[in-house]
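Trainee: Dropping the sequence and predicted coords here.
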Amino acid sequence: MAKLWAIIKREYLERVRSKWYLLSTALAPLFFGIIAIVPIVIASRTKPSPDLSHVVILDATGTQLGLRVAGELAGGISGAPTRAVVRAVAPSELAPAETLATHEVMRLQDPMLGYLVLDSSTIAGHSERYAGRNASTLVDVSEIESSVRRALLAQRLEHEGLQPSRIKELTKVDLKMTSERLSDRGREVGGLANALFSYLIAFVLYMMLVIYGQQILRGVMEEKTSRVAEVVISSVSTDTLLAGKVIGVGGASLTQIIVWVVSTALVFKSRGVILARLHVANVELPIPHIGIGIALLLLAFFVLGFIFYAALFAAMGSTLTNEQDVQQASLPVTMLLVASIVFIQPILLDPTSTFSKVMSWLPFSSPILMPLRMTVVQVSWAELAGTLAGLLLACVAATWVAARIYRVGMLMYGKRPTFREMARWVRRAA
């Protein structure tokens, strides 16, 4: 036990004293703070171009739709002052009219911002075309599309006999939906905030497994190539060495996560003061309720998932003798993690489907996908217990296999062994 503790202590202190560990631990709260604040600031100051109405409108509809769109682009009802140039053209004259409008957009002195084409397809409510210098500016294109939609709707309502002065008042509806999830604990946050929070949890778990798993792989390889492992193995068993390495590195990653969670929570709570100083209205971002039980379950899934993947990474690291083989050796294990992260979106869209349940039961994906489902929908305690039991058994099996590969691989040099050779190591050491 003393030898195991010595290995755990060495692995833990070696990482927490690293300048990169300290730097990433300190900068992560700043990063999460930027994520929580900067998008709100940008969204509050993102507006369409002030000169958006300085366009050519080619109206091939045979109606007054072009004039209505010009008024909407100017921010008013039909007939409001605008810089738009409206040209009524026949459908057969659209091609030369577009050529002329293109030259007006490309000229050096007082160029038009772009040109908009309205035709029979627009009247039918299918499409309109726009080309201009700001065609890649999403907020401008969205505003132009909305202006055409409002103008077309106003024209249709007026054709049905509705007074123009009443059209804008009756059609301006700005609804915002709030959603709540009902569970055994009562009302909880739902909707987009819940989905984003769940995605963040899954992404952090994935990131930590990849980063620290790679660290274990490289650390094992470096100890093997530098012959340090031969000295250590002479005084301690390979099983103890593997266990100490996994627990020590896992403790370092858990410490970092705790610091991140606490500091990010403090930044999140103080964002209202920061936004007030920037003269930006605060946007409420409700956080789903995470009780002690859920927090402990999230921790259990992370710990078991880390043990499962860390053992596999360590086993692969023990088979390497040079840096060039690191990416190829880690690819099979990394692909299991990637397969888990790929299914986040389908599970968020339908977390109660059979596919979602199956993926959250598989040992290689449950450490990421079950915490995701837990924070989106209510999962039965029987399913949680079964998933944890399955993951625990998978950890025992992965550790057993990894320990036997590790025991032989740390003392083997030369070419990298094949999977068949590693399977033979496991059978002989069993």
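Mentor: Good, I have the coordinates. Numbering: from 1, shown residues only.

Trainee: Give me the helices and strands touching the top helix by length along the chain, please.
Mentor: Ranked by number of residues, the top helix in the chain under DSSP state H is helix 191-225. Here helix 191-225 touches helix 228-233, helix 238-269, helix 292-317, helix 326-342, helix 344-349, helix 366-374, going by 3 or more Cβ pairs under 8 Å, 6 or more residues apart in numbering; DSSP states H and E. Backbone N, C-alpha and C define where each C-beta goes, glycine included.

Trainee: hmm, who's touching the fifth one?
Mentor: If I follow you right, that is helix 344-349. With Cβ atoms under 8 Å, 6 or more residues apart in numbering as the test, helix 344-349 has contacts from 195, 198-199, 202-203, 353, 355-356, 359-360, 368-369, 372-373, 376.

Trainee: Quick check: buried residues in that helix?
Mentor: When burial is assessed from 16 or more other Cβ atoms under 10 Å, helix 344-349 yields the following buried residues: 344, 347, 348.

Trainee: domains of the chain?
Mentor: Under the assignment automatic domain parsing, the domains of the chain span 2-42+188-429, 55-171.

Trainee: Turn the ones you listed into CSV, including mean pLDDT and distance to residue 48.
Mentor: What follows is the domains of the chain, written out as CSV (pLDDT from 0 to 100; distance: least, Cβ to Cβ, whole Å):
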stretch, mean pLDDT, distance to residue 48
domain 2-42+188-429, 77, 14
domain 55-171, 84, 4
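
Trainee: Make JSON lines out of these and add distance to residue 49.
Mentor: Shown next, in JSON lines, are those (distance: least, Cβ to Cβ, whole Å):
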{"stretch": "domain 2-42+188-429", "distance to residue 49": "16"}
{"stretch": "domain 55-171", "distance to residue 49": "5"}
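
Trainee: Show me the two of the contacts of helix 344-349 that sit farthest apart.
Mentor: Farthest pair in the contacts of helix 344-349 (Cβ to Cβ) is 203 and 353. Separation: 21.1 Å.

Trainee: Let me know the outermost residue of this structure.
Mentor: Relative to the centre of the chain, the most outlying C-alpha is that of residue 161, 48.9 Å out, by Cα atoms, centre = their mean.

Trainee: So which residues of the stretch 1-150 of the chain form strands?
Mentor: 55-59, 85-88, 114-118, 129-132 (DSSP state E, counting those that start in this stretch).

Trainee: what angle separates the third one from strand 55-59?
Mentor: Inter-element angle recorded for strand 114-118 and strand 55-59: 20 degrees (by axes from the mean of the first three to the mean of the last three Cα atoms, to 10 degrees).

Trainee: and residue 50, backbone torsions?
Mentor: Main-chain dihedrals, residue 50, degrees, to the nearest 10: phi -60, psi -20.

Trainee: The chain should start at 35 in everything you say after this.
Mentor: Will do, 35 is the new start, and the previous item becomes residue 84.

Trainee: how far away is it from residue 168?
Mentor: Distance of residue 84 to residue 168, given as Cβ to Cβ, to the nearest Å: 12 Å.

Trainee: These two: which is more packed in?
Mentor: Neighbour totals were compared for residue 84 and residue 168, and residue 168 leads with 18 against 7 (other Cβ atoms under 10 Å).

Trainee: Next, count neighbours for the residue nearest to that one when sequence neighbours are not counted.
Mentor: When the adjacent residues along the chain are set aside, residue 168 lies closest to residue 174, with 4.4 Å between them (Cβ to Cβ, 6 or more residues apart in numbering). Neighbour count of residue 174, defined by other Cβ under 10 Å: 21.

Trainee: who's in contact with residue 174?
Mentor: 82, 83, 86, 168.

Trainee: switch the cut-off to 6 Å
Mentor: Residues in contact with residue 174, defined by Cβ atoms under 6 Å, 6 or more residues apart in numbering, are 82, 83, 168.

Trainee: could those residues go into JSON lines alongside distance to residue 422?
Mentor: Formatted as JSON lines, these follow (distance: Cβ to Cβ, whole Å):
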{"residue": "82", "distance to residue 422": "51"}
{"residue": "83", "distance to residue 422": "54"}
{"residue": "168", "distance to residue 422": "53"}
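
Trainee: Figure out which of the helices and strands packed on helix 225-259 is closest to residue 457.
Mentor: Among the helices and strands packed on helix 225-259, helix 326-351 comes nearest to residue 457, with 11.9 Å by Cβ to Cβ.

Trainee: and the closest one, what does it pack onto?
Mentor: Judged by 3 or more Cβ pairs under 6 Å, 6 or more residues apart in numbering; DSSP states H and E, the packing partners of helix 326-351 are helix 225-259, helix 272-303, helix 360-376, helix 400-408, helix 415-443.

Trainee: What's the local residue count around residue 95?
Mentor: 20.

Trainee: ok, it to residue 180 distance?
Mentor: Taking Cβ to Cβ, one finds residue 95 at 18 Å from residue 180.

Trainee: got it, and residue 424?
Mentor: Counting by Cβ to Cβ, the gap from residue 424 to residue 180 is 50 Å.

Trainee: Would you quantify the distance from residue 93 to residue 107?
Mentor: 13 Å.

Trainee: can you pull the contacts of residue 157?
Mentor: Counted by Cβ under 6 Å, 6+ apart, residue 157 has contacts residue 95.

Trainee: Over to residue 446?
Mentor: Residue 446 neighbours (Cβ under 6 Å, 6+ apart): none.

Trainee: and it, what element?
Mentor: Assessed by DSSP states H and E, residue 446 sits outside every helix and strand.

Trainee: Sweet, I'm off.
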